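please work out how this folds:
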Amino acid sequence: MPPPSEIPPGRGAIFRDDFGIPHLWADRVDDLSYVQGYEAAYERAWQLEYGRLRAEGRTAAILGRTQVQWDVFARRARLVETARRAFDKLDGRTRAWCTAYVEGVNDALPAGAAGSAEFSALTVAPGRWQAWTPLAVFAGIHILFGTCQYKLWREHVAAVLGPDLMAEFGLEGDAPGGSNAFAVTGPRSPTGLPVIAGDPHRNLEVPNVYQQIRLACPAFDVVGLAFPGVPGIAHFGHAGSVAWATTNAMADYQDLYVERLRRDPATGLLMARGPQGWEPVTADDVERIEIRDGTPVEIRAVQTARGPVVLGDAADARGTASGADATYSLRTPSRVELDLGFGALLPLLHARTIADVEAAMALWVEPVNALVIADSTGRLRQRVVGLVPERSAANRVLPADAALAAAAWTGRYLHPDGVDSDVVVNANDRGSGAGLGFDYAPASRARRIRRLVESGAAFDRAGLAAVSLDTEQPAVVTMRGLVGAVGQQEVEGSAPEHTRTAGMPGTVAPGSVAARVRDQLLDWDGRADAENHGAALFAAWRAALVGWLLHQPPLAPLASTPGHLPAFLARWLDPVIRVGAVWEQLVLAGDRLGLDVPTGVRLALEQVADNPPTKPWGAVHLFAPLHPLTGRPGAPDLPTTALAGDAGCVLATRSFPGLTDVCGFGPVARYTWDLSDRERSRWVVPLGASARADSPHRVDQLERWSRGETIPVITSWDQLLLESTLPLR
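Okay, here's the model as predicted:
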């Protein structure tokens, strides 16, 4: 604990290490929450303000018309109402804790905004947070963390290709996984005590979605990764005697329902068709969306017995089973239960043992997570946490018909008890997710991690951390089989006219160049390192093959992307992205799908031969984080940063084959939690501890993160600098 003489009575304290990471102290739990809110608002004012506006559906008011579709969705999803009602249901202790956090936010926001370029660029001032705002921010971050978007895509696939082909775009192929959490204990650990390592993968953003932080008071002392705008430490933490980490369990816990709506001619009430027939909707409100430099628009926010109507015509929909006229309601556990899982956060900070963490996480709601827990007794445990409804298995595949009684929720799935083990590997795969969904990351990543961990190379802390950096591309096996089957004679001449495909070059390169491309691919070592030229060549060939696939008659109808759905769903509905995610599955099923795969492979070789990459993979696979002002004044100026890794690798820095090689989805942190000594733990984030324009810690971890390095977790107070003390409420 910090020396009492350093902290004046009645004040909280902000210490920092050499990387500006905040270590916060207060004598009371609620005062510590105040300090956490204050520090977050001062260092990340824009991030907090944007998170609030996004949850409230008010981004268009400051950013313009491009944000209207999101605001419509957020209003219709009733995120604020859910947050308010969930806050009211919290126990009094947790409500007071959240309220203290918000008071700290409001006290620091003006000073924080003064150091944020975004506010001055947009000539706006921050608004005021309410006690329920952290719950709304959390809901806004995670509303699209489920699998409903994949149901919309499968619905489209079924409509244009037929239901038999839906499986080619799901199962272990189409999910955007990348997160890893793995651990060893007992004989596999150098100290006999557990070590947990991993790297959560999300959208790369500026500022980063996770904040490194330490929260300390007489009741607890926890280091971990927090969501700025949300009190406590949820997904990744180390309390000294116990540590925990999560990955997305890929469970299906949200449902879309196709709604049929009509106005009752006698009463004028909006009615929805449910299992018992026509019934009044439970809410039918008018929302006004302000638009910067534009005319405000009014929308209807409707809710049926299933949930809020989020997509389609919410005012008066005839409602078809699918397609352009469909109207969808969204049913989520957090909305049904009016519970965002915040009841777990305070008990989690107080946890000292595996049993304590499990008890806290019994209150978790969503996202549904695969949890790894270890404590200083040497135990290592994994389990799934979060609320999964019981209902028909068909609901996991496609939007359900609101009028069918069989599609209704009937109860809660009861997770089995956790399992102790000497080795744990979670990688968004079916095995670690308990089979509660339809869409999983391919099992190859989990298998690769387990091989590395069990090989003996990862027995020590440094070796275990290095597993996250593995760049072996599992798709090299598929590529070699396809490219190796293209004979020398086939690539030496131009492709016959009848094999040329729309969208491919009108001429082909000389055969000798294409043959060299083939030979170079076959000689590639299969590593997606930033300096690797073979990885760039593979990516170019893969992109060309994806382009070929999109123009083949069996798949070409996919190009008719559902135009009635909002643009922010493009990542899940863009045919290029979706085909690029499952290109291996498609070419391996070529005969069944009626695809002339050998011709496609040859044409892709010839296209690459026309314009072969001359630079290594890292020259095109660049760090490309999201920011609302990208391309506009006030956007952050970041150094050009080359990245290793690729989709499918353990280091899953994802791009969109066929669309772009830049990386917008990857590890938003890396950590190693050592239970033998917390100061042997390490971590790193993509940017830095601060988002202030004048801070030396805005991007001081970026180079280390891109190179796979980490920085130490400091817990000795005498190694920290006391930056300031705060008067408390």
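
any stretches of this structure with poor pLDDT?
Within the chain, the stretches with pLDDT under 70 are 1-4, 170-176, 315-325, 457-459, 487-512, 561-563.

which helix is the longest one in it?
In terms of residue count, the longest helix belonging to the chain (DSSP state H) is helix 92-114.

mind listing what's buried in that helix?
Within helix 92-114, the residues scored as buried using 16 or more other CB atoms under 10 Å are 94-109, 112-113. C-beta coordinates here come from the backbone N, C-alpha and C atoms, glycine included.

now swap in stretch 719-729 and tell me
L720, L722, T725, L726, L728.

quick revisit: neighbouring contacts of the longest helix of the chain?
29-31, 33-46, 48-49, 87, 90, 119, 125-126, 128-135, 229, 231, 342-343, 345-346, 692, 729 (CB atoms under 8 Å, 6 or more residues apart in numbering).

does the residue nearest to the spatial centre of the chain lie in a helix or a strand, and which?
Among the residues of the chain, the one closest to the centroid is R202, at 3.3 Å (CA atoms, centre = their mean). Secondary structure from DSSP states H and E places R202 in strand 201-203.

what about that strand, distance to the chain center?
Centroid separation between strand 201-203 and its chain, computed with CA atoms, centre = their mean, to the nearest Å, is 4 Å.

stretch 568-581 too?
15 Å.

now the buried residues of stretch 719-729 as TSV including secondary structure?
Putting the buried residues of stretch 719-729 into TSV (DSSP: H, G, I helix; E, B strand; the rest coil) gives the following:
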residue	secondary structure
L720	coil
L722	strand
T725	strand
L726	strand
L728	coil
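
can I get the residues you listed in CSV with distance to G198?
Rendered in CSV, the data for those read as follows (distance: CB to CB, whole Å):
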residue, distance to G198
L720, 26
L722, 32
T725, 35
L726, 33
L728, 35
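
nearest to E709, of the residues you listed?
L720 (21.2 Å; CB to CB).

for A405, see how far away that closest one is.
Separation of L720 from A405 (CB to CB, to the nearest Å): 60 Å.

following the strand holding R202, which helix or strand comes up?
Following strand 201-203 in sequence order, the next helix or strand is strand 211-217 (DSSP H and E).

who does that following strand touch, helix- and strand-wise?
Here strand 211-217 touches strand 22-25, helix 29-43, strand 220-226, going by 3 or more CB pairs under 8 Å, 6 or more residues apart in numbering; DSSP states H and E.

in the first one, which residues are buried?
Think strand 22-25. P22, H23, L24, W25.

who's the second one bridged to?
Think H23. F15, R214 (DSSP bridges).

show me the contacts for it.
For H23, the contacting residues are I14, F15, R16, D17, I213, R214, A216, I714, W717, L720, by CB under 8 Å, 6+ apart.

mind listing what whatever helix or strand L371 lives in pairs with, with the direction of each?
Element membership for L371 (DSSP H and E) is strand 369-375. Applying DSSP bridges, strand 369-375 is found paired with strand 242-248 (antiparallel), strand 380-385 (antiparallel).

most packed of these?
Most buried of those by mean neighbour count (mean count of other CB atoms under 10 Å) is strand 242-248; its value is a mean of 29.

G594 is in contact with L165, correct?
No - checked against CB atoms under 8 Å, the pair L165 and G594 is beyond contact range at 10.8 Å.

those helices in the stretch 601-729 of the chain, which residues are they?
702-707 (DSSP state H, counting those that start in this stretch).

any idea which of the strands paired with strand 369-375 gets closest to L550?
Between those, strand 242-248 lies closest to L550; by CB to CB that is 28.1 Å.

now do that closest one and strand 220-226, the angle between them.
20 degrees (axes from the mean of the first three to the mean of the last three CA atoms, to 10 degrees).

and strand 242-248, how far from the chain's centre?
Mean C-alpha position of strand 242-248 versus that of the full chain (CA atoms, centre = their mean) differs by 15 Å.

C-terminal to it, what's the next element?
Next helix or strand after strand 242-248 toward the C-terminus (DSSP H and E): strand 255-259.

of the buried residues of stretch 719-729, closest to A305?
Nearest to A305 among the buried residues of stretch 719-729: L728, at 46.0 Å, using CB to CB.

centre of the chain to stretch 34-54, how far?
On CA atoms, centre = their mean, the centre of stretch 34-54 falls 20 Å from that of its chain.

again but with stretch 648-667, I slipped
Distance of stretch 648-667 from its chain centroid, counting by CA atoms, centre = their mean, is 13 Å.

tell me the buried residues in that stretch?
For stretch 648-667, burial by neighbour count (16+ other CB under 10 Å) applies to 648-658, 660-661, 663-667.

phi, psi for R28 please.
When read as degrees, to the nearest 10, the backbone of R28 gives phi -120, psi 150.

identify the residues contacting the strand holding R202?
Contact with strand 201-203 is made by 177-180, 209, 625-626, 652, 654, 664-668, as judged by CB under 8 Å, 6+ apart.

note down every partner strand of it and its orientation.
If you go by DSSP bridges, strand 201-203 pairs up with strand 660-667 (antiparallel).

who touches the partner strand?
176, 178, 199-204, 468, 539, 543, 620-626, 643, 645, 651-655, 686, 705.

could you rerun that using 7 Å?
Contacts to strand 660-667, defined as CB atoms under 7 Å, 6 or more residues apart in numbering, come from residues 176, 178, 199-201, 203-204, 539, 620-626, 643, 652-655.

only whichever of those are buried, select them in PyMOL.
To isolate the buried ones among the contacts of strand 660-667 in PyMOL, judged by 16+ other CB under 10 Å, type:
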select buried, resi 176+178+199+200+201+204+539+620+621+622+623+624+625+643+652+653+654+655
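
out of the contacts of strand 660-667, which sit inside strands?
In strands, defined here by DSSP state E, the members of the contacts of strand 660-667 are D199, H201, N203, R654, S655.

the second one bridge partners, please.
Yep, that's H201 we're talking about. Beta-bridge pairing for H201 (DSSP bridges): P667.

next: T660.
So, taking DSSP bridges as the rule, T660 has F656 as bridge partners.

repeat that for A370.
T247, V384.

check contacts around it.
Counted by CB under 7 Å, 6+ apart, A370 has contacts T246, T247, A249, Q382, V384, N426, S432, G433.

ok, of the residues you listed, which one's closest to G186?
Proximity of those to G186 (CB to CB) peaks at Q382, which lies at 14.7 Å.

now the closest one: how far from L643?
In terms of CB to CB, Q382 sits 29 Å off from L643.
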